[in-house]
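Trainee: Provided below are the primary sequence and the corresponding predicted coordinates.
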Amino acid sequence: MKLFQQTLPLAALLLAAHSTLALDRTNTTFKIFQFPPNMIPTIDGKTNDWDIVPEDYVIGSDQLVDDMHNHTNNPKHLNVRVRVGWVKGLNRLYFLYEADKDYWDFSRPDLHNDIFEIVVDGDLSGGPFEQEFETNLSILGRWETYMTLQNVHAQNYHIFTPAEGKDWCMFWGPQQWAKDLPYANHAYNYNFRPGQPGHLVLEFWITPFDYAGMDPKRAVESVLTENKIIGLAWAVIDYIDPNSGGSNNGFWNLSRHHTFFGNADFLCPFKLMPLEPQFLKSLEAKWTFAIVDMDRRLVAFKDQSIGKIASWQWEFGDNETSTEQNPIHIYKRAGAFTVVLAVTGEDGATSRFSRVWDVTLK
């Protein structure tokens with residue numbers, strides 16, 4: 001299976017800004033597929049929305065290890081395929097988890113259940129986020145540590161595969177709001193019963209947080225942007241048939257350290273990829289702006305056009321123009337302005353994009 005890879009020197013450069021950061025498998029950067037805004041997956045347990053994701057985004061059982069029991073992967077017993085996606089402008093991570101097992105265990109109401117466990121660290125803050133790994137546990141105490149550390153700067157989701165008669169996920173921290181709408185959503189698709197073999201589809205999205213305390217009003221979402229590297233890993237907790245004569249249930253990790261479940265230093269680097277070329281227009285004018293100083297009516301415009309562009313023509317709505325790519329403009333009067341950017345490609349083609357009254361100044 002092909003994977004998007006970067007050499008160690010480049011990976012080191014990408015992570016250099018995070019002096020306290022350590023990640024696992026830094027010789028491999030996994031890819032997160034960018035869905036076009038008109039093709040966002042519907043969370044319905046169906047896989048057709050994911051057909052546009054190229055095969056080299058799929059992360060399968062061959063990438064998992066069981067460092068607890070040193071099991072050898074047997075795809076006839078357990079075979080998984082995971083795809084991860086994102087959408088520019090939404091701080092969500094989308095997942096499609098597909099698994100084939102010869103024995104599914106999900107009859108009990110407690111934690112004993114086949115599980116897909118994921119951990120995400122959206123800002124690469126790294127370090128422990130579970131009280132077991134907190135070095136100051138003896139000083140803070142277990143309750144205070146749980147409230148101030150557990151799942152606060154990185155988040156752990158124990159997702160039951162499948163969940164019947166219980167919540168879909170055990171969010172391992174005090175922020176129980178984080179596993180429900182508007183912060184998460186999920187759907188299953190399967191037709192087997194406990195103890196039977198079969199194929200499971202789990203489709204869901206979650207919101208990563210740079211800070212997630214008990215009060216959702218104080219939470220800070222991780223801002224997902226193109227080419228950003230985030231920390232992410234998962235494990236498949238695989239209960240085996242007790243009548244098979246085998247021993248030790250599987251704990252299959254994408255990380256090479258099963259303790260990733262409570263320490264974000266052992267997550268893997270994932271890159272939020274740009275749109276694949278087939279979803280890009282050859283030329284498209286796009287732009288955004290920021291009001292730098294309302295009193296001076298100083299506005300900074302930023303070109304976000306797509307394609308090989310030879311020239312830019314701005315009309316600011318006040319009879320003033322510019323041919324700069326990213327102009328800064330001072331308006332002489334208050335008002336609501338229609339601003340237009342026209343770009344010309346290297347082949348002579350043109351594209352225009354306007355915002356009507358978005359730029360409103362006092």
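Mentor: In hand now; what should we look at?

Trainee: what is the burial count for Leu23?
Mentor: Neighbour count of Leu23, defined by other CB atoms under 10 Å: 26. (C-beta placed from N, C-alpha, C; glycine too.)

Trainee: for the stretch 151-300 of the chain, give me the ranges with low pLDDT.
Mentor: 245-248 (pLDDT under 70).

Trainee: now the helices for the stretch 251-362 of the chain?
Mentor: In the stretch 251-362 of the chain, no helices are found when defined by DSSP state H, counting those that start in this stretch.

Trainee: in it, which spans are strands?
Mentor: 268-272, 287-293, 298-303, 309-315, 321-322, 328-330, 335-345, 350-361 (DSSP state E, counting those that start in this stretch).

Trainee: deepest of the ones you listed, which one?
Mentor: Of these, the one with the most neighbours on average (mean count of other CB atoms under 10 Å) is strand 268-272, at a mean of 22.

Trainee: ok so, going back, tabulate the strands of the stretch 251-362 of the chain (CSV), appending distance to Ala154.
Mentor: Listed next are these as CSV, based on distance: least, CB to CB, whole Å:
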stretch, distance to Ala154
strand 268-272, 13
strand 287-293, 30
strand 298-303, 31
strand 309-315, 39
strand 321-322, 44
strand 328-330, 38
strand 335-345, 40
strand 350-361, 36
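
Trainee: which one of those lies closest to Leu200?
Mentor: strand 268-272 (22.8 Å; CB to CB).

Trainee: give me the domain ranges for this protein.
Mentor: 8-272, 281-361 (automatic domain parsing).

Trainee: follow-up on the earlier one: select, out of the strands of the stretch 251-362 of the chain, the one closest to Pro182.
Mentor: Within the strands of the stretch 251-362 of the chain, the stretch nearest Pro182 is strand 268-272; the backing value is 20.8 Å (CB to CB).

Trainee: parallel or antiparallel, list what pairs with the closest one.
Mentor: strand 30-34 (parallel), strand 229-238 (antiparallel) (DSSP bridges).

Trainee: export the ones you listed as TSV, with columns for mean neighbour count and distance to Ile40.
Mentor: Shown next, in TSV, are the strands paired with strand 268-272 (neighbours: other CB atoms under 10 Å; distance: least, CB to CB, whole Å):
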stretch	mean neighbour count	distance to Ile40
strand 30-34	21	11
strand 229-238	24	19
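
Trainee: which of the domains of the chain sits most buried?
Mentor: Comparing the domains of the chain by mean neighbour count (mean count of other CB under 10 Å), domain 8-272 comes out on top with a mean of 18.

Trainee: quick one, what contacts the residue nearest the centre of the chain?
Mentor: Central residue of the chain (CA atoms, centre = their mean): Leu93, 3.4 Å from the mean position. When contacts are counted by CB atoms under 8 Å, 6 or more residues apart in numbering, Leu93 touches Ile32, Val84, Gly85, Trp86, Val120, Trp205, Ile206, Thr207, Pro208, Leu224, Leu232.

Trainee: how close does the nearest residue to Glu324 once chain neighbours are set aside sit to Lys302?
Mentor: Nearest residue to Glu324, sequence neighbours excluded (CB to CB, 6 or more residues apart in numbering): Trp312, at 6.8 Å. From Trp312 across to Lys302, the span is 11 Å (CB to CB, to the nearest Å).

Trainee: do Ser61 as well
Mentor: Counting by CB to CB, the gap from Ser61 to Lys302 is 43 Å.

Trainee: okay, now the unreliable bits of the stretch 1-150 of the chain?
Mentor: 1-22.

Trainee: tell me where it has helices.
Mentor: 8-15, 137-140, 142-149.

Trainee: for the last one, which outside residues touch it?
Mentor: Read that as helix 142-149. Contacts of helix 142-149 (CB under 8 Å, 6+ apart): Pro128, Phe129, Glu130, Gln131, Glu134, Asn136, Leu137, Leu140, Gly173, Pro174, Met214.

Trainee: ok, now which ones touch the closest residue to Gly262 other than its chain neighbours?
Mentor: In space, and not counting its chain neighbours, Gly262 is closest to Glu130: 3.0 Å by CB to CB, 6+ apart. Residues near Glu130 by CB under 8 Å, 6+ apart: Leu149, Gln150, Asn151, Asn156, Trp172, Phe261, Gly262, Asn263.

Trainee: now the two most distant members of these.
Mentor: Leu149 and Phe261 (13.9 Å).

Trainee: list the contacts for Gly250?
Mentor: Under the contact definition (CB under 8 Å, 6+ apart), the residues listed for Gly250 are Asp66, His69, His71, Leu78, Val236, Ile237, Asp238, Ile240.

Trainee: right, and the fifth one touches Asn113 too?
Mentor: No: Val236 lies out of contact with Asn113 (CB atoms under 8 Å); the separation is 11.9 Å.

Trainee: what's the distance between Asp67 and Asp265?
Mentor: Here Asp67 is placed at a distance of 15 Å from Asp265 (CB to CB).

Trainee: beta-bridge partners for His186, please?
Mentor: Phe204.

Trainee: please read the previous query as pertaining to Leu200.
Mentor: For Leu200, the beta-bridge partners are Ala99 (DSSP bridges).

Trainee: Asn191 is in contact with that one, correct?
Mentor: No: assessed by CB under 8 Å, Leu200 is found out of contact with Asn191, at 9.6 Å.
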